[in-house]
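Asker: fold the following and give me the result.
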Amino acid sequence: MVEAVREPRQDRSRATRRRLLEAAVDCLAEVGWTGSTVLVVAERAGVSRGAAQHHFPTREDLFTAAIDYVTEERLAHLRANLPNLPPGPDRTAAVVTTLGEAFTGKMFNAALHLWVAAASDPHLRSLVLPLEAKVGRETHRLTLAALGVDEKTHPGTREAVQATLDMARGLGLANLLTDDTPRRRKVLSQWTTMLTAALTTP
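Answerer: The predicted model follows:
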């Protein structure tokens, strides 16, 4: 009977924790680092400040967990959405489009606000840097696999893939201030042609 009571409580606790993390990400994406206080996050999550502080005693605890959450969600999105297609231009186009979309939206906007805050906060930077390095390594690996290419046997492949990721990130940054979808699509289309050539040239 004790176990039956404990499990629903644990389930509720996990659900509350997840709501707080999702609310923290929403707040980061919409009002930035400065506006994302524990109280604002708690209200957004629909819990009391006391309940929030039960799970995360300090703002630092909350947003350290939120940084981890953002990192894992961004990687999960890529793992789920990078296509598995036969080699060729269609496959390259699908990969480039997926990457372009991955660097827009709520998760990427939240990450951007964290980068800006970390630039002037040494402690926050020490938390963000290793996680961004993890995102970078895993995104590069997933992109190679999705494209079906091996950077060890084809000179220039590593640089071509990294340029693709840097470009997608830059387009996402431009999209933060205004909807840049039409221009982004044209740029990604042209980049697909160039990347296909780079990956197939002996």
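Asker: pick out the residue nearest the middle of the protein.
Answerer: In the chain, the centroid-proximal residue (CA atoms, centre = their mean) is residue 74; its distance is 3.1 Å.
Asker: so who does that residue touch?
Answerer: Applying CB atoms under 8 Å, 6 or more residues apart in numbering to residue 74 gives the contacts 102, 107, 108, 111, 135. Glycine gets a C-beta too; all of them are placed from N, C-alpha and C.
Asker: in this structure residue 94 contacts residue 85, no?
Answerer: Yes: contact criterion CB atoms under 8 Å: residue 94 and residue 85 qualify, at 5.9 Å.
Asker: about what we covered before: from the contacts of residue 74, pick the one nearest residue 34.
Answerer: residue 111 (16.1 Å; CB to CB).
Asker: which helix or strand contains the closest one?
Answerer: Using DSSP states H and E, the element containing residue 111 is helix 106-119.
Asker: in the helix ranked longest in the chain, which residues are buried?
Answerer: Secondary structure of the chain per DSSP state H: the longest helix is helix 2-35. Within helix 2-35, the residues scored as buried using 16 or more other CB atoms under 10 Å are 16-17, 19-29, 32-33.
Asker: returning to what we had before: so the host helix or strand of the residue nearest to the centre of the chain versus helix 2-35, what angle?
Answerer: Element membership for residue 74, per DSSP H and E: helix 59-81. If you take axes from the mean of the first three to the mean of the last three CA atoms, to 10 degrees, helix 59-81 sits at 100 degrees to helix 2-35.
Asker: and whichever helix or strand comes after helix 59-81, what does it pack against?
Answerer: Using DSSP H and E, the helix or strand that follows helix 59-81 in sequence is helix 89-102. Where contact means 3 or more CB pairs under 8 Å, 6 or more residues apart in numbering; DSSP states H and E, helix 89-102 is packed against helix 59-81, helix 122-147, helix 157-175, helix 181-200.
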